[in-house]
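Undergrad: Please work out how this folds:
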Amino acid sequence: MKRWLPHPLLTPILTVVWLLLNNTLAAGHIVLGLLLGWAIPRFTLAFWPNPVRIYRPASLLRFTGVCLYDVLVANVAVARLVLAGPKALNPLFVQVPLDLTNELALGLLANTICLTPGTVTADLSPDRRVLWVHALDCTDPDELVRTIKRRFEAPLREIFEC
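TA: Next up, the predicted model:
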């Protein structure tokens, strides 16, 4: 069973993403979405050396909601900064010490930071213990680090590291 359906959670997610991208619930698109949702995990199995374990699925849903909320709020904040002009900006690079060890969780953290407007993941230290983040407007680097650790890193640890 594992060989034919290697990532059972990924299949419906990819199907839903396909349907959302096509903005239709036509039978043909549902079948095609299911086919893609099955084929993509099946044919990329060699690129997944370790099985993905989600220890707390409810936390994953909560994390997704927090990320969506943060993206919306950050969009408004960045729009205000852009309209205020360059003098309103206070760009800064910040070192975020990491407690995460799971590679998927580290990747999700880095991408989540990039998806939130106004912040970009710039680098990960070779020992994977420090993440460099560039913030478009940061007056308190310690608060930015606390926010990233509380809103993003802690839930990812809960989800992927138990």
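Undergrad: can you map out the helices along this protein?
TA: 10-22, 27-43, 57-84, 103-115, 141-148, 154-160 (DSSP state H).
Undergrad: low pLDDT regions in this structure?
TA: Low-confidence segments of the chain (pLDDT under 70): 1-2.
Undergrad: Now do the domain split for it, please.
TA: The chain breaks down into these domains under automatic domain parsing: 10-47, 57-160.
Undergrad: So what would you say the end-to-end distance of the shortest one is?
TA: Start-to-end span of domain 10-47 (C-alpha to C-alpha, to the nearest Å) is 14 Å.
Undergrad: just to revisit the earlier point, out of the helices of the chain, which gets nearest to residue 128?
TA: helix 103-115 (6.4 Å; C-beta to C-beta). The way it works is simple: take the backbone N, C-alpha and C, and place the C-beta from them, glycine included.
Undergrad: in that closest one, what counts as buried?
TA: Buried residues in helix 103-115, defined by neighbour count with 16 or more other C-beta atoms under 10 Å: 104-106, 108-110, 112-113.
Undergrad: Equivalent analysis for stretch 115-126, please.
TA: Applying 16+ other C-beta under 10 Å to stretch 115-126 flags 116-121, 124 as buried.
Undergrad: what's the farthest-apart pair in the buried residues of helix 103-115?
TA: Greatest spatial distance in those: 104 and 113, 15.2 Å, computed using C-beta to C-beta.
Undergrad: Serialize the helices of the chain to TSV and add fields for distance to residue 97.
TA: Formatted as TSV, those follow (distance: least, C-beta to C-beta, whole Å):
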stretch	distance to residue 97
helix 10-22	31
helix 27-43	34
helix 57-84	20
helix 103-115	12
helix 141-148	8
helix 154-160	13
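Undergrad: tell me the most buried of these?
TA: Greatest average neighbour count among the helices of the chain goes to helix 154-160 (a mean of 20), per mean count of other C-beta atoms under 10 Å.
Undergrad: Put the alpha carbons of that one into PDB.
TA: This file holds the C-alpha atoms of helix 154-160, laid out as PDB (Å, rounded to 0.1, in the frame of the first residue of the first chain):
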ATOM      1  CA  ALA A 154       7.400  26.700  18.100                       C
ATOM      2  CA  PRO A 155       4.400  25.300  16.100                       C
ATOM      3  CA  LEU A 156       6.700  23.700  13.600                       C
ATOM      4  CA  ARG A 157       8.600  21.900  16.400                       C
ATOM      5  CA  GLU A 158       5.200  20.800  17.800                       C
ATOM      6  CA  ILE A 159       4.100  19.500  14.400                       C
ATOM      7  CA  PHE A 160       7.300  17.800  13.200                       C
END
